[in-house]
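>>> kindly generate the corresponding structure for this input.
(chains A, B, C and D)
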Protein chains: 4
Amino acid sequence: MANKHAIFSRKLRMGMIGGGPNAFIGEVHRKAIRMDGEIELVAGAFDIDPRLSRKMGRMLYLPPKRVYDTYEDMIPGELAQPDGERIDFVSITTPNKYHFPIAKAFLEAGFHVVCEKPMTMGVNEALALKEVVRKSRKIFMLTHTYTGYPMVKLARDLVTAGRIGRVHKIIVQYHQGWLMRALEKTGQPQATWRTDPKLAGSAGCMGDIGTHAANLAEYMSGLKIREVCAELTTFVKGRKLDDDGNVLLRFNKGAKGVLTASQVQVGDENDLAIWVYGDDGSMEWHQEHPNQLTVKPIDAPKEIWERGAGYVADASPAAALNTRIPTGHPEAYIEAFANLYMRTGEAIRARIAGKKADPLSLDFPTVHDGVAGMKFIEAVVKSKGRWVKIS
Amino acid sequence: MANKHAIFSRKLRMGMIGGGPNAFIGEVHRKAIRMDGEIELVAGAFDIDPRLSRKMGRMLYLPPKRVYDTYEDMIPGELAQPDGERIDFVSITTPNKYHFPIAKAFLEAGFHVVCEKPMTMGVNEALALKEVVRKSRKIFMLTHTYTGYPMVKLARDLVTAGRIGRVHKIIVQYHQGWLMRALEKTGQPQATWRTDPKLAGSAGCMGDIGTHAANLAEYMSGLKIREVCAELTTFVKGRKLDDDGNVLLRFNKGAKGVLTASQVQVGDENDLAIWVYGDDGSMEWHQEHPNQLTVKPIDAPKEIWERGAGYVADASPAAALNTRIPTGHPEAYIEAFANLYMRTGEAIRARIAGKKADPLSLDFPTVHDGVAGMKFIEAVVKSKGRWVKIS
Amino acid sequence: MANKHAIFSRKLRMGMIGGGPNAFIGEVHRKAIRMDGEIELVAGAFDIDPRLSRKMGRMLYLPPKRVYDTYEDMIPGELAQPDGERIDFVSITTPNKYHFPIAKAFLEAGFHVVCEKPMTMGVNEALALKEVVRKSRKIFMLTHTYTGYPMVKLARDLVTAGRIGRVHKIIVQYHQGWLMRALEKTGQPQATWRTDPKLAGSAGCMGDIGTHAANLAEYMSGLKIREVCAELTTFVKGRKLDDDGNVLLRFNKGAKGVLTASQVQVGDENDLAIWVYGDDGSMEWHQEHPNQLTVKPIDAPKEIWERGAGYVADASPAAALNTRIPTGHPEAYIEAFANLYMRTGEAIRARIAGKKADPLSLDFPTVHDGVAGMKFIEAVVKSKGRWVKIS
Amino acid sequence: MANKHAIFSRKLRMGMIGGGPNAFIGEVHRKAIRMDGEIELVAGAFDIDPRLSRKMGRMLYLPPKRVYDTYEDMIPGELAQPDGERIDFVSITTPNKYHFPIAKAFLEAGFHVVCEKPMTMGVNEALALKEVVRKSRKIFMLTHTYTGYPMVKLARDLVTAGRIGRVHKIIVQYHQGWLMRALEKTGQPQATWRTDPKLAGSAGCMGDIGTHAANLAEYMSGLKIREVCAELTTFVKGRKLDDDGNVLLRFNKGAKGVLTASQVQVGDENDLAIWVYGDDGSMEWHQEHPNQLTVKPIDAPKEIWERGAGYVADASPAAALNTRIPTGHPEAYIEAFANLYMRTGEAIRARIAGKKADPLSLDFPTVHDGVAGMKFIEAVVKSKGRWVKIS
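So this is what the prediction gives:
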């Protein structure tokens, strides 16, 4: 079993922007960072409403002086903390609109940054942020959660090792149904900001979950999406952004693919799944049953690989490192999230120590994934049934 | 249990064109027609090589005089038979190229016709055949096998009854992997003619299996494909026809969809599957596990409907009629084929008797499905990444 | 693909006892024998009510002279037929009570016999029948249908080849739920005779389906059940025979096991499933999804073997021979039945020809399986929570 | 989503006995308690080897003064802490042998106790512990982890609500294969103590996992096991305790059942699964895919209930309370563990506050489950193929 580590001298200290009492994903981040006991949340500006930020601080047993009304207050506030108390990094879990200014401000103030996806409101912001990260020489992690799953890492490593030959076809889907009803009209907070172009950006479903699918396809296959031909649809009347999209894909090296994303496929919960086809075999993985990877060699029985098994560790040190408990004892979504934080934490510790990080520690999504994601969104929105290149 | 029937005075008599010793699908047809004991094969021209046709006749215990060297010989030969021995209909299981001339000849000679798909070599032939059928006043059944499955009929009936609301999205796939190797270069007969445009027509994979997927989507949803935007690819070097295709779909009534068909997805056997999404629920069916239909009502548990159950019969008389054995005793592919023949046989008997057929007996694919299939193929081949309308 | 055969000079001719208009399994037998076109049904005594026997004869398009009022009439009737018309064998699909006298009479009259299970009303009858078969030198096949599935044969061959090491544990279940309601009080014919000890024998559920499970375990593992410790229960009030039973098993060679059979497990349809554990791996098979066999090697990924694949044929000529259509095109229950008839037919043809049958043709259940089944039933009924040996 | 809570004034403080650097389950407990941020680990005696205890303390960033060499030292050590720092409760994750003395000592010293299962080395110790708990008036929670899964709670609530009628049959299994090899001879620590009667008690597999299965069956059905008829086997040569067992069960109210537990079923990982059959329906749950519960009403489609769905919350407030993230985002084993701790924590807080706990907070396994477990083990070991009553 892994996520065993060297003995460090102290826990890392994290601050959080967003994740107030009405948020969903902020508490998921917190559960993920808590799980392994290597990072502690010590400060935050949890809500755009200062009262809610303070309420959240109390719910988290934080000292009031480390709970801020705004992220702008938090930067000088934390810089003023003594060395042994100041946050090492910040995690941004706000609606998309705020990602860029917050990330930029903290990076420029000298803090490492974890940021929710999609990274920014557009490609220009994304490129600007890439430049900010480069100049800052700080760690930047983008929470494309699904690449934190160990069996996704196994799949990536099997592809790299040539186990399925040259990849020529990828089918990836991210299917949800929860937005079939116009929840945004009921004031449901998750639905409200996700369907508002001012907060979410130019794409709805494609930005929220389509980018996860695109990122997963690239991560697992090692290929890059070079061209898209897309059909975006808004099925629910009055909604301002797409709630469904189907995309033909052309990857580099001649591979082809299809990406479908929807939030109006009633009966689908969080059905992210991927099929990667090579000349000598293929692989299949389903997020809702994440502990199994199906590998299908040509002319041989299908194989079900089980997370935690010895043969998985043999084939993928990354899968082993990102595994906590034995095979048959399922791990799931929060662990995938926690893996991203564990690896990022190792990279930050190495940076603090002035050392080179272990390559396995650097296995998390970065600002480059964020730029790719924003280019994907832009191309898909622009396509309208024509092929559009991604530079 | 169903496929119980009125007591008829005699079995129907069938002739067959194709289905020689090296063929695959011909013997499947024969097993299907034999199963229920209502149709007997009494004559045939089984192979383009007369010696193989005769060999097949002996293997089938047919009297030599009813085994013909060519289909052209068979028409006068059968017309010369006495009333009580002459075939009632002919089943055509040759490569695509021969479907049209054979079907036309038998229809014009006064025989009912069963024909393999894709129906013809192009839209023009298809429209011509439609006219021949119309003039002949004969029964014409096209073997889109998969609509013979009872759970497909149940799905169709649940859609019609409004159980999932208005259908707005359909995903359908037909995934195989057997042509990843260039089997046509080894002389494998199935691969050889399917990859030869002179015998198969303008499309490879899309004609062979993509049309099944398109037909299934239309049958189950009651919608019609109105526009396609497709990317066809030939992955195996030297192959003349597509072996993979991804298609964006626009149906009438505003529904959208995706159709993927491939014969180079290594590890996939005969993975025809469909997801139909309505405003109030959705459905999912997999050909490789055909006895179950998953129905997913909005805001309620998913349901697994099992073939043969009483509640299936209550919801779908067609599913009940096309069922032979009790729930839990699986039925499969040959039964689906047999259902098409049983219903077609009932329609032929009614026609012979000068009676109106029961509507449930007319639930089989016709020349109209064949025309739609050829238009679909033509549009998909023409698309090359642009939207093409289907008239 | 298999079930291809030598060219024989004629079809085999079969008679049937039972299988009248109200029966279930008789028509399943008929569909199975028809499917491959190698056996034709030419005579029968289909019901204990002569009017129903004649009605059935008409439904089957049989000449009236070959439809008998009783099985006793049928023997001289068929013996009086000319050589080219007389039946070669008879298939007995009556309630259990009649199996013995009918089988005995036909065997002694010189006919080969196919018989439904459980074979007789008790061990004594079973032993007597074994002696009759021995003296008759005729083929006797007992329709333990489930051993006709190709993936069951593959499993047997993998065990024999040592692929999972020495077998030490077997779990087998046959779970149905259809008798949770007292259907016998409604006059439902299947329920009525199965719950009547005068027609069914000393066991209900255990005789009807428990014996299938026991037979499957022995067939697949090559082991023999030597001791049982059982708890039989009648859950439905007023029912005279067990409708549920749980049995601890001891096999030869030190293997242990559990067999559960029930007809009151609501929600289970025909859930026969088996898990065979060896020292180096295990296997799992489910009748409701019969085209897959799961093989689980120690310290390696689980494997899903798919019926019809080349690697299956390589590992098991028997699986290949008992397969009709390509992988991914599912086969099911009727094909399993048809396999028993195909192999039995080959054995009968060899006997008629005075030749030794191919060993693969002799791969069907015999009177010895029937004796084992009756001993199993007797021991289970006798056990009442104590270990009882099977001689 | 749930596991939302009132705002408490402080975190609970926990100490731990066991869970050193070589342990498996101790760190699982720690991940579970950390996840929700409501409990903090502040002290411990982590290993029987003091150096390893101290090493673990450093790995956990604990102040050295709160890390003890022995549990005996820890009691006065913690009693000497000021009110705001002293542990509220202790969690015991040692081998079985030490459970009783440690639990007794801490309870008598006034601490609440969480304890791993099986609770004690025998029934006498269990009864003595029950008395200690009663006298102490402290909270005692036994970590039968699997009843912490929300879908198990849903199942229990559906049974209670009569959704499947009167329960008459239960099949429960806990199948592992990891002990097929004699790992204890390699020094593997998990295998070593589990197969040593001095540390594990009178049963091996049955104590380690069989009791989980028994507890799950009782929890889900509301019934109690009253009689067992068991066959325990040691398949691996030289092993001192059973590694496989099959048990016939009689519950109160006339229900019957079967429990199978094994650690030598190669290919099975942690396959705890249960089927509960009532007169009007049944349910099925698999620990390896814990987010789904299958409900099978009589005469209606099977239902798949998905954790996190609104209809689950409607049917089971307990399932909703024990759920963290939305449907389709899988939860798993650590969350189940965390649920036990969250509820126990609420009960401890209520006790501290002198208030009555919410009934939903008291939904965790107690000393009574532990007594039942020890009686089950004792009866199973004693049975040797005869029925043994459980008082």
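>>> residues from chain A in reach of chain C?
Within chain A, the residues that sit near chain C (Cβ under 8 Å from any Cβ of the partner chain) are A:295, A:299-306, A:309-311. All C-beta atoms are positioned from the backbone trio N, CA, C, and that covers glycine.
>>> which of the residues you listed fall in helices?
A:310-311 (DSSP state H).
>>> reformat the residues of chain A next to chain C as JSON lines; add pLDDT and distance to A:Met35.
Formatted as JSON lines, the residues of chain A next to chain C follow (pLDDT from 0 to 100; distance: Cβ to Cβ, whole Å):
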{"residue": "A:Val295", "pLDDT": "98", "distance to A:Met35": "29"}
{"residue": "A:Asp299", "pLDDT": "95", "distance to A:Met35": "42"}
{"residue": "A:Ala300", "pLDDT": "98", "distance to A:Met35": "38"}
{"residue": "A:Pro301", "pLDDT": "98", "distance to A:Met35": "36"}
{"residue": "A:Lys302", "pLDDT": "98", "distance to A:Met35": "33"}
{"residue": "A:Glu303", "pLDDT": "98", "distance to A:Met35": "30"}
{"residue": "A:Ile304", "pLDDT": "98", "distance to A:Met35": "27"}
{"residue": "A:Trp305", "pLDDT": "98", "distance to A:Met35": "24"}
{"residue": "A:Glu306", "pLDDT": "98", "distance to A:Met35": "21"}
{"residue": "A:Ala309", "pLDDT": "98", "distance to A:Met35": "22"}
{"residue": "A:Gly310", "pLDDT": "97", "distance to A:Met35": "24"}
{"residue": "A:Tyr311", "pLDDT": "98", "distance to A:Met35": "26"}
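>>> find the pair from the residues of chain A next to chain C with maximum spatial separation.
A:Asp299 and A:Gly310 (25.7 Å; Cβ to Cβ).
>>> the more surrounded of the two?
The neighbour count for A:Asp299 versus A:Gly310, taken as other Cβ atoms under 10 Å in any protein chain shown, is higher for A:Asp299 (15 against 11).
>>> residue contacts, the more buried one?
Going by Cβ atoms under 8 Å, 6 or more residues apart in numbering or on different chains, A:Asp299 touches C:309-311.
>>> just A:Met283 next, same as before
A:Met283 touches A:155, A:158-159, A:164, A:220, A:274-276, A:293-296, counting by Cβ under 8 Å, 6+ apart.
>>> let's see that with 10 Å instead.
A:Met283 sits next to A:151, A:154-156, A:158-159, A:163-164, A:167, A:220-221, A:274-277, A:293-296, A:303, A:305, B:267 when contact means Cβ atoms under 10 Å, 6 or more residues apart in numbering or on different chains.
>>> just checking, which of those residues belong to helices?
Short answer: the contacts of A:Met283 in helices (DSSP H) are A:151, A:154-156, A:158-159, A:220-221.
>>> surely A:Glu284 and B:Gly267 touch.
Yes. Judged on Cβ atoms under 10 Å, A:Glu284 makes contact with B:Gly267 at a distance of 7.9 Å.
>>> hang on, the earlier thing: out of the ones in helices among the contacts of A:Met283, which is nearest to D:Glu231?
A:Met151 (37.2 Å).
>>> how many neighbours does that closest one have?
28.
>>> once you drop chain neighbours, what's closest to it?
A:Leu293 (4.3 Å; Cβ to Cβ, 6 or more residues apart in numbering or on different chains).
>>> before we move on, the earlier item: so which of the residues of chain A next to chain C wins on neighbours?
Result: A:Trp305 is most packed of these (other Cβ under 10 Å), 25 neighbours.
>>> residue contacts, that one?
A:151, A:154-155, A:158, A:283, A:285, A:291-295, A:311-312, A:315-316, A:319, A:327, C:300-302.
>>> could you check which helix or strand contains A:Arg226?
Of the helices and strands defined by DSSP states H and E, A:Arg226 is found in strand A:225-233.
>>> partner strands of the helix or strand just after that strand, parallel or antiparallel?
Per DSSP H and E, the first helix or strand lying C-terminal to strand A:225-233 is strand A:244-251. Next to strand A:244-251 in the sheet, as set by DSSP bridges, lie strand A:225-233 (antiparallel), strand A:256-262 (antiparallel).
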